[in-house]
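1. give the three-dimensional model of this entry:
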Amino acid sequence: MSNTVSTNARSAMTVYNPAPVSPVHFAEAMRAHWEALGNASSEKLVELWKGIGSALSRAILVGAGRMTGTHGEEQQWQVLQPPTGTGKTQGACVYAAMVAKANREQAEAFDKTGILIVTRLIDEADKLAAMINSLAGVVCAVARHSSNRVSLTEMAEHDVLIITHQAYANALEDAVLRHGEDRLEDFLNWEGGPRFLTIIDESIANLVASYRATEEDFRVVASYMDRGIADEFQPLVEDFKKMAWLLERTEALLEEFEVPIAKSSRLWVGPRKDLDWYAHRLMLPALRRRMSRLRYDHIVRASDDRSLNMAVATRVDCVLKAYEAFSLGAAYRSGTAGVLSVHASRLLLPNDLHGPVILDATAEQEPLWELLGPRVKVADKVKEVRNYRNVRLHVARANAVGKETMVKNAETRLKRLLENLEDKLRDRRVFLCLHRDIEPLATSYDPPFKDYSIDHWGNIDGRNDWQDYDAVILFGLFYRPDTWAIDMMQAVRQVGEPGDELTIGAHQKRKTIKRTLQNRQIAASVIQAINRIRCRRVVDSAGNCAEVDAYIVLPRNRLGDDVLSRVVSEMPGIQVTEWDFELDGKSREVLKAHYAVPIIQYMKNRSAGDIDMKVLCNDLALKRNARKDIQKDLRDPENPFTQRLAETGVIYHSTGRGRGARSFLRKR
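-> Sure, this is the predicted structure:
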């Protein structure tokens, strides 16, 4: 893949001679740009920027084959740790603009350098492209995403291509599973040859792809493979049905003989050895496309229901991908006998991919980098760049702060939270981060804050939406399921020596590793959340920020202690104080917002399909008599509330009459 050029006639054996930007010149340009934005610079920042420039230039030389190292250094992923607020994203833009300008100005003896930038969100991709073009003074960058499907020719014409994390992960998955769609190659090549530099802004959460399916999933998907599909893809369909039978039989035997088995234990250690399957596997992309065109709404309900069709088609494709992953590597089951759930995972790092540069502010808390060992080189931090002495972290302790209990007690706990803070944060700009399932309910309240913005775990990392807010509340912690840690270990093990983490005898070892991975992941999410508000911005040469307050409820156990110690380590100088707050107890009524706000957020967070109005009102703790007012508004197509729902693909409909009448909101 490296040095494979699909967009021009240059030989794959061509020796490239790029001219990377000087780290010193980059740091000088970055200082000028940084100060032009109204930020304070310092010698420590200049030192950090030189390090970033050096890493980016080295990646270009390694990618071009002009610099080699030992121990597979040419394949290493470089991970840099510039703290939040030190200009890592701005730096990526400045460097890209300087490269694009050099491509037009350098001597003919040097080859042009192409760059791929990977960022989290679509909006960010557009902003980065606009910034690079402005800095370069020429249109040299383009963003490619679902709202801007530029052609392969257009991508190849630009020095800098910007895509999202999800697009990059999808392309890596295609490369690892060899589906043959060549998307990664399309991203990595342009008219100047291979793109020697890939800059990934923030760690990609899904570099480990997880696959899960149940015995019932396989049985149902097998039933959708009608005679036409079975005839067209006969050997593959037969093999799929064999795996469905195997999973069903395994579960039956476990139940019949009451086999004592660990909650998470290996079913098999892959990959499969039958060579015929690998030949049949070439048909899998075509089978997936064929099954994606089935009308599942007609099959399941014999009616036209586009939302149902989309939901079933998505699940069918996930099961087909799981089938492939189960065959390519080790698989394990989770749960108890009678509830068979099979899991597999893959590390999305093709062996022939030149290592990109990752800008990850919380790299020390990212478990994947340590698990990958020599495949990743994590740079040392530049110390004393940031000082968080103006951040006051108010810590309360409680039991049961995981998602399940937080959702169950959401109404009471939210009321107690807002009651406790309404005077402390009156007239402040407050960002509340919590679990997604609680988000709509939280929007139904109207506390006396100057601004009150809410978002959920998993949707905030790297975002700048709250950079002018002066307070943040972290309500609940971002726990991942136990299978997340096992998937991490298993995916990494596939590129190294076989491990015993999933055997019964290694239970204690597995438990310790899982706890460490979970603690680091939770700490990273907490640090990311705190740094969404204005403490992310440096205000003086000492690395200080403006004064802010952060509130968090930590569990009364070792996890709470460990997370707090990691936050203190990552945010030097932070002031930790005790917060006098009890999560559980009696609560009083809190001022409610207009019902349109929580309902719109509720429907944004939902998957396609119907939701009964009774269930919706109950989930949002809306008064019983409010439902009549809501339905009256929904029946009026000119009502602003109805129109805002329609903009998000939501319509109102009802069935029956009198006592048997039922009302729904349908998301398409």
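
2. when you work out contacts or count neighbours from here on, use the C-alpha atoms and nothing else.
-> Will do.

3. distance of the closest residue to K383 other than its chain neighbours relative to V568?
-> Excluding its sequence neighbours, the residue lying closest to K383 (C-alpha to C-alpha, 6 or more residues apart in numbering) is K44, at 8.0 Å. Relative to V568, K44 is positioned 21 Å away (C-alpha to C-alpha, to the nearest Å).

4. with A311 instead?
-> For A311, the distance to V568 - C-alpha to C-alpha - is 43 Å.

5. now swap in Q518 and tell me
-> Applying C-alpha to C-alpha, the value for Q518 to V568 is 18 Å.

6. equivalent analysis for V472, please.
-> Relative to V568, and taking C-alpha to C-alpha, V472 is found at 16 Å.

7. look at these two and report which has more neighbours.
-> V472 (28 against 16; other C-alpha atoms under 10 Å).

8. isn't that one right up against I527?
-> No. Counting by C-alpha atoms under 8 Å, V472 sits too far from I527 to count as a contact (11.5 Å).

9. the helices in the stretch 151-300 of the chain, which residues?
-> Secondary structure of the stretch 151-300 of the chain by DSSP state H, counting those that start in this stretch: the helices cover 152-157, 165-177, 183-188, 215-224, 227-232, 234-257, 275-280, 284-292, 296-301.

10. for the stretch 1-150 of the chain, same thing?
-> Along the stretch 1-150 of the chain, the stretches classed as helices by DSSP H, counting those that start in this stretch are 23-36, 43-63, 88-105, 122-136.

11. present the ones you listed as JSON lines; the columns should include distance to K424 and mean pLDDT.
-> Below are those laid out as JSON lines (distance: least, C-alpha to C-alpha, whole Å; pLDDT from 0 to 100):
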{"stretch": "helix 23-36", "distance to K424": "34", "mean pLDDT": "96"}
{"stretch": "helix 43-63", "distance to K424": "35", "mean pLDDT": "93"}
{"stretch": "helix 88-105", "distance to K424": "34", "mean pLDDT": "95"}
{"stretch": "helix 122-136", "distance to K424": "34", "mean pLDDT": "96"}
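
12. which one, of the ones you listed, ends up nearest to R397?
-> Closest to R397 of the helices of the stretch 1-150 of the chain is helix 88-105 (C-alpha to C-alpha; 34.2 Å).

13. give me the contact list for that closest one.
-> For helix 88-105, contacts defined as C-alpha atoms under 8 Å, 6 or more residues apart in numbering pick out 20-21, 26, 29-30, 33, 49, 53, 82, 111-113, 115, 128, 131-133, 135-136, 140, 159-160, 199, 201, 359.

14. give me the phi and psi for the nearest residue to A64 once chain neighbours are set aside.
-> Among residues not flanking A64 along the chain, Y16 sits closest, at 5.7 Å (C-alpha to C-alpha, 6+ apart). Backbone geometry at Y16, expressed as degrees, to the nearest 10, gives phi -100, psi 150.

15. look at Y16 and report its pLDDT.
-> On the pLDDT scale, Y16 is placed at 79.

16. count of neighbours near it?
-> The burial count for Y16: 20, using other C-alpha under 10 Å.

17. hang on, it packs against G65?
-> Yes. Between Y16 and G65 a contact is recorded at 7.4 Å, counting by C-alpha under 8 Å.

18. for Q76, see how far away G373 is.
-> Distance of G373 to Q76, computed by C-alpha to C-alpha: 10 Å.

19. if you count surrounding residues, which of those two has more?
-> Set G373 next to Q76 and count neighbours by other C-alpha under 10 Å: Q76 wins out with 22 against 13.

20. how much space separates the more buried one from R183?
-> Noted for Q76: a distance of 22 Å to R183, by C-alpha to C-alpha.

21. now the strands: where do they sit in the stretch 501-650 of the chain?
-> Ranges of strands in the stretch 501-650 of the chain, per DSSP state E, counting those that start in this stretch, are 548-555, 575-578, 609-612, 650-655.

22. make JSON lines from these and add distance to K667 to it.
-> Listed next are these as JSON lines, based on distance: least, C-alpha to C-alpha, whole Å:
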{"stretch": "strand 548-555", "distance to K667": "34"}
{"stretch": "strand 575-578", "distance to K667": "44"}
{"stretch": "strand 609-612", "distance to K667": "5"}
{"stretch": "strand 650-655", "distance to K667": "4"}
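
23. to M603, which of these lies closest?
-> Closest to M603 of the strands of the stretch 501-650 of the chain, according to C-alpha to C-alpha: strand 650-655, at 7.5 Å.

24. other SSEs contacting the closest one?
-> Helices and strands touching strand 650-655, by 3 or more C-alpha pairs under 8 Å, 6 or more residues apart in numbering; DSSP states H and E, are strand 662-667.

25. got the contact list for the strand it packs on?
-> For strand 662-667, contacts defined as C-alpha under 8 Å, 6+ apart pick out 307, 603, 606-614, 649-656.

26. list the buried residues in that strand.
-> Using 16 or more other C-alpha atoms under 10 Å as the burial criterion, the residues of strand 662-667 that qualify are 663-667.

27. off-centre distance for that strand?
-> In this view, strand 662-667 has its centroid 30 Å away from the chain centroid, taken as C-alpha atoms, centre = their mean, to the nearest Å.
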